[in-house]
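Q: How does the following fold in three dimensions:
(one chain, ligands or ions: 1)
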Amino acid sequence: MNEEKELGLAAEGTDTPATIEEVDAERGAVAAVAGDELPRPAGAVQPTARTINRTQPADSAPAINGADTTHTAADSRTVDVAQAAALLRDADDIFLLTHEYPDGDTLGSAFALCRALRAMGKRAQVKLCADTLPGKYAYMQKGLAEQEFDPRFICAVDVADPRLLGGNLVPYADKVDLCIDHHESRVAYARHTLADASCAAAAMLAAAVIDALGVPWDAAIAACIYTAVATDTGCFKYTNTDARAHLLAARAMGYAIRTGAINRAMFDVKSRARIELERLALTGMRFYMEGRVAVMPVTLKMVAKSGARENDMEGLAPLPRQIEGVDAGVMLRELSANVYKVSVRTGERANAAAICQTLGGGGHQRAAGCTLTGSCTQVVRKILAAVKDEMNPEE
Ligand SMILES: [Mn+2]
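A: Predicted coordinates for the structure are as follows:
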């Protein structure tokens, strides 16, 4: 316990049920914080090179780590907006790929580009990792008939790492012709890459490409662009929000889109299962380092108990950071036994990307992630060690 205290590993406020420890007790792992020297519980998932995360200011978006991708940085040619537009102008039969657990940015960028390319008379189709588009984004594809064709040009949007092309899109991961992305940490995997980490949303690049293609916006394109920018700026609240983000949103609002309804669907409406999951997750939250770090586990058991489905999970990661005095808020989402998706949100005094990079992940300064294996306590220990190294001194 003394060592735990020294490491800042001892949870504060232990009068509530010790969820992190209970998680491990249920797994048959050792209940105490014990670290990597412990034998792995029988049947545990072994550490894997796959260390992806999908974190963004908006909540779910990609970030990276650089191992074993098909293309190397040298393969990928950096292009500017005009060059990206020229590639698309010369192309036809275009697939627009989105990242797994799609968010408003990847979807909004892809559907806006798809609409623009179809307006040019091209065949274009947005492709998702899963078979269905989450209901709240249905308006993006309204009126866009499904087109069946074999792709001759593949463009990935908001996809920072080919391994974020899960499910249906795995076969295309090494065939991407153009990547349009705005993540700070990225893997170079496409033949051509248009990237600008100063953009709050990938849609800012997508909009610039649409303009370079000379396609006039309509209300449908505007709604897609607005949604994307709103999503990735947390409804214009995150520190990545700049004048360009507001100006782009303002331009979209000129098309008489229903921003109130979009914002309510994106940011306010929650299912009852989601609220129940929040209640369970908050009960399990623990504080460390004098309350500067909050860790919130979201276990498979909590998900099952709440009845939450995948589309109920979006936007959970920022919760711990909402608490006064918390510089680093961490969500641990249990993906399978002993595999946790870690989402880190930080304030001015910590760099989420730096924390996650030391753990094999990456992302943005204020929002990043990684995937860690081990018992819940082991994972918490790894994270706290990384946080401690990266945390700026308190003023
Ligand atoms: Mn994005």
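
Q: Was I right to think H192 contacts Q83?
A: Yes. Applying CB atoms under 8 Å as the test, H192 and Q83 come out as touching, 7.4 Å apart. Where you see a C-beta, it was placed from the backbone N, CA and C, and this is true even at glycine.

Q: For the closest residue to A202 other than its chain neighbours, give me the pLDDT.
A: Distances taken as CB to CB, 6 or more residues apart in numbering put D158 closest to A202, at 3.8 Å, once the chain neighbours are dropped. With respect to pLDDT, D158 scores 97.

Q: ok, now which ones touch D158?
A: In this structure, D158 makes contact with 61-62, 98-99, 103, 105-106, 109-110, 180-183, 201-202, judged by CB atoms under 8 Å, 6 or more residues apart in numbering.

Q: neighbours of whichever residue of the stretch 1-150 of the chain sits closest to the ion, just the number please.
A: Going by CB to the ion, the ion is nearest to D105 of the stretch 1-150 of the chain, at 3.4 Å. If you count neighbours by other CB atoms under 10 Å, D105 ends up with 34.

Q: what do you get for T231?
A: So T231, with other CB under 10 Å, has 31 neighbours.

Q: Pretty sure it sits in a helix.
A: Yes. When DSSP: H, G, I helix; E, B strand; the rest coil is applied, T231 is found to be in a helix.

Q: so how far is L133 from it?
A: Distance of T231 to L133, computed by CB to CB, to the nearest Å: 14 Å.

Q: With A223 instead?
A: 14 Å.

Q: So which of those two has more stuff around it?
A: Using other CB under 10 Å as the criterion, A223 and L133 rank with A223 on top: 26 against 17.

Q: Does that one touch Y139 like I think?
A: Yes. Look at A223 against Y139 with CB under 8 Å: they come within range, at 6.3 Å.

Q: isn't R345 right up against R366?
A: Yes. With contact defined as CB under 8 Å, R345 counts as touching R366 (6.5 Å).

Q: what residues are shared contacts of the two?
A: Shared contacts of R345 and R366, counting by CB under 8 Å, 6+ apart, come down to A352.

Q: which one of the two has more residues nearby?
A: Comparing R345 with R366 by other CB under 10 Å, the one with more neighbours is R345, at 29 against 23.

Q: residue contacts, the more buried one?
A: Counting by CB under 8 Å, 6+ apart, R345 has contacts A317, P318, P320, R321, A328, G329, V330, A352, R366, A367.

Q: now, which of these lie within strands?
A: Using DSSP state E, A328, G329, V330, A367 are the members of the contacts of R345 that sit in strands.

Q: If the second one is in a bridge, with which residues?
A: Right, the one you point to is G329. Counting by DSSP bridges, G329 forms beta bridges with A294, R345.

Q: From the ion, how far off is R321?
A: Separation of R321 from the ion (CB to the ion, to the nearest Å) stands at 18 Å.
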